[in-house]
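Engineer: coordinates for the following, if possible.
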Amino acid sequence: MKIAVIGGGAAGFFAAINAKLFYYSSDVQIFEKTTKILSKVKISGGGRCNVTNGTENIKELSEAYPRGGRQLKKALGTFSTKETKAWFKKRDVELYTQEDNRVFPTSNNSQTIIDCFLSECKQLNIKINLKHPIDSITPKNDKIELGIKNKSELVLCDKVIIATGGSPKKEGFKWLEKLGHNIITPVPSLFTFNMPNEKITTLMGVVAPEVIVSITGTKLKSTGPLLVTHWGMSGPAILKLSAFGARALHEKEYHFQTSINWSNEVNEDITRQKIKRIISESPQKLLPNVKVIPVPDRLWNYLLQRCSFEEGKRWNELGKRGINKLIAVLTNDLYDVNGKTTFKEEFVTAGGIDLSDIDIKTMQSKKVPNLYFAGEVLNIDGITGGYNFQSAWTTAYIAAQLK
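Structural biologist: Predicted coordinates for the structure are as follows:
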């Protein structure tokens, strides 16, 4: 059996390796249009490669996918985070789980994962064809013919797995649309918020450990750590919000207002009680010297400045008006967002092959027999934390079974 895998990224390599393991006597080849392979694996997690997430509860896992979570829930029953960790361990790649549940190789080096894949390919005799862009896919009876751009050769295959990754524009999916697949228009996901007119950017590098972030006028909300950058805000809370709000924020053209609840309390009365306790226990202390919430000193002082309190103010001098002003800033601090920042090499998109065109049990196309899909080319995307790689491993593993 001749099996072609189109795309030399995470899903492509995982699909090729497992296809060869399922069908050992088959001829498996990877076709990559560029000279680069596994580029996202290389840069993921700051060069450490966030292989997967530590969560093993499938329901919890599926909730981390703004798009495709319901369908992926079924697929995760076949190959989930537990199986991912076992797969790498079997190949002597030791992994560890951080407190935030992100999973990395113990080497803290993405090259460990790359070397593992390349070693498997060499051992299994999987050919990697670089500079081989596929520009046509033609069903031929029960086979599929691949045309390679700028080359006269045609490759006739029994099975084809497409793992070309996401594309920032719908044009990148034209060749798949021609085969009858519906394409969900891609829009950016996992991006940071630009705040060019907000003074908070002077606090770049400061991290608030746990906040609630929401988009005013919508039901969009997320929680987690927040990082102040020189262009605005980032960190898990912002990235998660950008993922779940990808389409809504795209429609707003990335001009909107975000509310930060620094107190991380849904009920503002809890914050009010904390303030009253400080007034009772430390009435003579200066406002900067006693924090209501566990944030860095620089951020606490900045929030006090947002309240326009005069310097040298003591807790017993706040008064009712001052308390209300402080509560408003701690629980509903508003910022204007004007644009986004995406990291081009690590871009994640919401969009791709419509999942209704795929048999999720096999990853086979409902439009073209013997054609399978894996990874970000599908309309599946997760929040930050190893979820996008996990969907790549899951869909690639299922596609590799070629059922």
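Engineer: how many neighbours does residue 184 have?
Structural biologist: By other CB atoms under 10 Å, the residues close to residue 184 number 19. C-beta: built from backbone N, CA, C; applies to glycine.
Engineer: settle this for me: it is touching residue 354, isn't it.
Structural biologist: Yes: taking contacts as CB atoms under 8 Å, residue 184 lies within contact range of residue 354: 5.4 Å.
Engineer: distance of the nearest residue to residue 17 once chain neighbours are set aside from residue 86?
Structural biologist: Nearest residue to residue 17, sequence neighbours excluded (CB to CB, 6 or more residues apart in numbering): residue 120, at 4.8 Å. Going from residue 120 to residue 86 by CB to CB, to the nearest Å gives 15 Å.
Engineer: before we move on, the earlier item: so who does the residue nearest to residue 17 touch?
Structural biologist: Counting by CB atoms under 8 Å, 6 or more residues apart in numbering, residue 120 touches 17, 91, 126.
Engineer: for those residues, which one is nearest residue 206?
Structural biologist: Nearest to residue 206 among those, counting by CB to CB, is residue 91 at 40.3 Å.
Engineer: now do the contacts for the residue nearest to the closest one when sequence neighbours are not counted.
Structural biologist: Spatially, and ignoring its direct neighbours in sequence, residue 91 is nearest to residue 116 (5.4 Å; CB to CB, 6+ apart). Neighbouring residues of residue 116 by CB under 8 Å, 6+ apart: 88, 91, 93.
Engineer: which elements pack onto the helix or strand containing the first one?
Structural biologist: Going back to what we said before, that points to residue 88. Using DSSP states H and E, residue 88 sits in helix 81-90. Applying 3 or more CB pairs under 8 Å, 6 or more residues apart in numbering; DSSP states H and E, one finds that helix 81-90 makes contact with strand 52-53, strand 95-97, strand 102-105, helix 387-400.
Engineer: next, the angle helix 81-90 makes with the longest one.
Structural biologist: Between helix 387-400 and helix 81-90, the angle formed by their directions is 80 degrees, by axes from the mean of the first three to the mean of the last three CA atoms, to 10 degrees.
Engineer: what about the helices in the stretch 151-300 of the chain?
Structural biologist: Using DSSP state H, counting those that start in this stretch, the helices of the stretch 151-300 of the chain run over 174-177, 236-244, 246-251, 268-281, 297-306.
Engineer: and the pLDDT at the residue nearest to residue 17?
Structural biologist: Looking at residue 120, its pLDDT stands at 98.
Engineer: equivalent analysis for residue 344, please.
Structural biologist: Looking at residue 344, its pLDDT stands at 60.
Engineer: now swap in residue 197 and tell me
Structural biologist: According to the prediction, residue 197 has pLDDT 95.
Engineer: state the distance from the residue nearest to it when sequence neighbours are not counted to residue 301.
Structural biologist: Nearest non-adjacent residue to residue 197, counting by CB to CB, 6+ apart: residue 336, 6.3 Å away. Distance of residue 336 to residue 301, given as CB to CB: 22 Å.
Engineer: what sits against residue 303?
Structural biologist: 262, 295, 329, 330, 333.
Engineer: just residue 104 next, same as before
Structural biologist: With contacts taken as CB under 8 Å, 6+ apart, residue 104 has the following neighbours: 45, 48, 49, 50, 51, 95, 96, 98.
Engineer: most surrounded residue in the contacts of residue 120?
Structural biologist: That'd be residue 17 among those, by other CB under 10 Å, with 26 neighbours.
Engineer: for the helix or strand harbouring that one, which outside residues touch it?
Structural biologist: Taking DSSP H and E as the definition, residue 17 sits inside helix 10-22. The set of residues external to helix 10-22 that reach it, using CB under 8 Å, 6+ apart, is 3, 5-6, 26, 28-30, 32, 37-38, 40-41, 117, 120-121, 124-126, 159, 161, 163-165, 372, 374-377, 389, 392-393, 395-397, 399-402.
Engineer: for that helix, which residues meet the burial criterion?
Structural biologist: Neighbour counts using 16 or more other CB atoms under 10 Å place 10, 11, 12, 13, 14, 15, 16, 17, 18, 19, 20 of helix 10-22 among the buried residues.
Engineer: before we move on, back to that, pretty sure the residue nearest to residue 197 is touching residue 200, no?
Structural biologist: No: the criterion here is CB under 8 Å, and residue 336 misses it with residue 200 at 11.0 Å.
Engineer: which SSE is the residue nearest to residue 17 in?
Structural biologist: Applying DSSP H and E as the criterion places residue 120 in helix 111-124.
Engineer: partner strands of the helix or strand following that helix and their direction?
Structural biologist: Reading on from helix 111-124 to the C-terminus, the next helix or strand found by DSSP H and E is strand 127-129. In the sheet, strand 127-129 lines up against strand 27-31 (parallel) (DSSP bridges).
Engineer: pLDDT on the strand it pairs with, on average?
Structural biologist: pLDDT averaged over strand 27-31 gives 98.
Engineer: over to stretch 235-249?
Structural biologist: Here the average pLDDT along stretch 235-249 is 95.
Engineer: gap between the two ends of it?
Structural biologist: This stretch, stretch 235-249, spans 17 Å end to end (CA to CA, to the nearest Å).
Engineer: go through that stretch and flag the buried ones.
Structural biologist: Of the residues in stretch 235-249, those buried by neighbour count under the rule 16+ other CB under 10 Å are 235-247, 249.
Engineer: do the same with stretch 330-343
Structural biologist: Neighbour-count burial for stretch 330-343 flags 330, 331, 332, 333, 335, 337, 338, 340, 342 (criterion: 16+ other CB under 10 Å).
Engineer: next one: stretch 257-266
Structural biologist: For stretch 257-266, the neighbour count (16+ other CB under 10 Å) marks 258, 260, 261, 262, 263, 264, 265 as buried.
Engineer: among these, which lie within strands?
Structural biologist: Using DSSP state E, the members of the buried residues of stretch 257-266 that fall in strands are 258, 260, 261.
Engineer: just checking, the first one touches residue 211?
Structural biologist: In other words, residue 258. No: under the criterion of CB under 8 Å, residue 258 makes no contact with residue 211, lying 10.8 Å away.
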